[in-house]
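**Q** this one's structure only:
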């Protein structure tokens, strides 16, 4: 049978779109299978992109020419930089998105991607073959014969990427009501779960996520809400600057003690508390009933009042995810300031779905048991559009490379947040939906938003994912940053230029001063100021202000590389390691890492803790060596006596 495609992507969510775009742009004949071609990358939950940690992933997707940043630039409603009171490593860009415009634009843009075919169909089965000792993917079987000339229902390909999101055996819960669905008003996917289990020899797990009720904007009292401020920004997620403006404002309110009482009295009706839901929900995005159950002493929880679109009468109250019955949702909604007369347009719900433990994948996101099969997104235990997009990008890149018999591409943990995420997933696995935070990266100062293109765009260029024009603009900015750092340091720590860039708070006013001063320095050195952008200024500031810390982090990276293969003795008792917190001792005892590299992945492990571990292992090794040398010496002595007896016979010696 003729191989029609190099790569097939199953699922048209954020992971699927990035995977399809990457594979097609690299030159693979790519097929994107989705249940509804008009609902590509819908936002069934929060209509926003970015945030702390998550925003870093979107920037990294941007460095590889991904779709999400481009869609954001054209459909955002509001843009905010979070954590501006802290250093550049832990700030995060977050955009409120017009979810309807976002999906409509995505459905249009996929039609213009060369080498990409989009098809409406349900994938029911994976098709593999045994090639010696290796099982290989050869295609997929679709539930309906809707491709011309496809008599068997099988579409052949050299690589397949599964990005099914919450659709695999999805079940929606509202109170004690439950029904099968992939998300609101959409059919779930059946058959593929069993196929993955059979082909990968794995067991399935169940995870849960949820969404709040949607409210009629016209029914809210905005006089009782607090409007969010929007700071000045010159960039969003894409490389080139743009005029950033607020199109639709966002607001904040909070729950009350009355809200909490209503929810507490009805906890038994929640699918979470009634026992109907078996899947584990996201720790860092809990339902409102989970918040009340876990934190009964809290007097209020913030609710972010966010528009679902620029011209729709629909509001997303972030922070009110729920699986309570509709009448209870109405009761507690009306107890919140500004929501007294709120009309619920769509009720909130929870959804359970199948997932595959990511430990069964390599760092390229390829199934260990099936060559050419890749998985990405919520199907391997993550939560969030951004995490899905980052994983989809990696899966798409490597599906193309596998299809063309090329070496697979691995995102390094010390070079990207995407690398951190994948390393966490495939090494430690998940027992709850995985969400990215800046705290998960040990080298946050090296993985900033401002230096993302310097870190990753060279890889994208080598892979053929960005064009020559963008590469030229990038090289000019990179050169401006390098020259800027040298000029600032040239005047010494007492120089006027150094003092400006060493400022703790790099405000808009100080940035303007820094730009003017640096332009003068560039002119004096006969340098072109082309490429000296606002982002370049932020990078120069970070390199100057945090030089010592950055140097220390680079040394830590070298140290980690040196010792990452160091084996940890089985007999090591972590509870007897002074200097480690009790929490870390318990985590080490539970995970029992085999190497230092694995120990570094355990959440909460610090460089200091790793140093203690290395020191203990080396001491233990020296002790064991001494004991072994003593045993060897004793055995040598015994051997000598035996040899002499044999040589000299009885009575010898």
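**A** In hand now; what should we look at? Please read these numbers as outputs of a predicted model, since none were measured by experiment.
**Q** what's residue 227 in contact with, if anything?
**A** 249-251 (Cβ atoms under 8 Å, 6 or more residues apart in numbering). All C-beta atoms are positioned from the backbone trio N, CA, C, and that covers glycine.
**Q** Ok, residue 16 next?
**A** Residue 16 touches 9-10, 32, 34, 40, 161, 163, 377, 392, counting by Cβ under 8 Å, 6+ apart.
**Q** Take those residues and keep only those in strands.
**A** Residues of the contacts of residue 16 located in strands (DSSP state E): 9-10, 32, 34, 161.
**Q** Under the pLDDT cut-off, which ranges of the stretch 351-500 of the chain? List them.
**A** Nowhere does the stretch 351-500 of the chain drop to pLDDT under 70.
**Q** what are the ranges of the helices in it?
**A** Applying DSSP state H, counting those that start in this stretch to the stretch 351-500 of the chain gives helices spanning 385-403, 417-428, 452-463, 468-490, 496-501.
**Q** So which of those is the most surrounded?
**A** helix 385-403 (a mean of 30; mean count of other Cβ atoms under 10 Å).
**Q** Give me the helices and strands touching that one, please.
**A** strand 5-10, helix 14-25, strand 48-50, helix 54-63, helix 67-75, strand 154-162, strand 373-375, helix 417-428 (3 or more Cβ pairs under 8 Å, 6 or more residues apart in numbering; DSSP states H and E).
**Q** what bridges to residue 356?
**A** With beta bridges defined as DSSP bridges, residue 356 has these partners: residue 204.
**Q** and it, how far is that from residue 164?
**A** Here residue 356 is placed at a distance of 10 Å from residue 164 (Cβ to Cβ, to the nearest Å).
**Q** Quickly note the distance from residue 552 to residue 96.
**A** Taking Cβ to Cβ, one finds residue 552 at 37 Å from residue 96.
**Q** same deal with residue 127?
**A** Distance of residue 127 to residue 96, given as Cβ to Cβ: 42 Å.
**Q** Compare those two and say which is more crowded by neighbours.
**A** Neighbour count, other Cβ atoms under 10 Å: between residue 127 and residue 96, residue 96 has more, with 30 against 18.
**Q** check contacts around that one.
**A** Residue 96 touches 47-48, 76-79, 248, 250, 306-307, counting by Cβ under 8 Å, 6+ apart.
**Q** which non-adjacent residue is nearest the spatially most central residue of the chain?
**A** For the chain, the residue nearest the mean C-alpha position is residue 387 (2.9 Å; Cα atoms, centre = their mean). In space, and not counting its chain neighbours, residue 387 is closest to residue 436: 5.7 Å by Cβ to Cβ, 6 or more residues apart in numbering.
**Q** try residue 460
**A** Per Cβ to Cβ, 6+ apart, closest to residue 460 is residue 64, 4.3 Å.
**Q** right, and residue 508 touches residue 234 too?
**A** No - taking contacts as Cβ atoms under 8 Å, residue 508 lies outside contact range of residue 234: 9.7 Å.
**Q** which one of these two has more residues nearby?
**A** Per other Cβ under 10 Å, whichever of residue 508 and residue 234 has more neighbours is residue 234, with 13 against 10.
**Q** From residue 81, how far out is that one?
**A** 11 Å.
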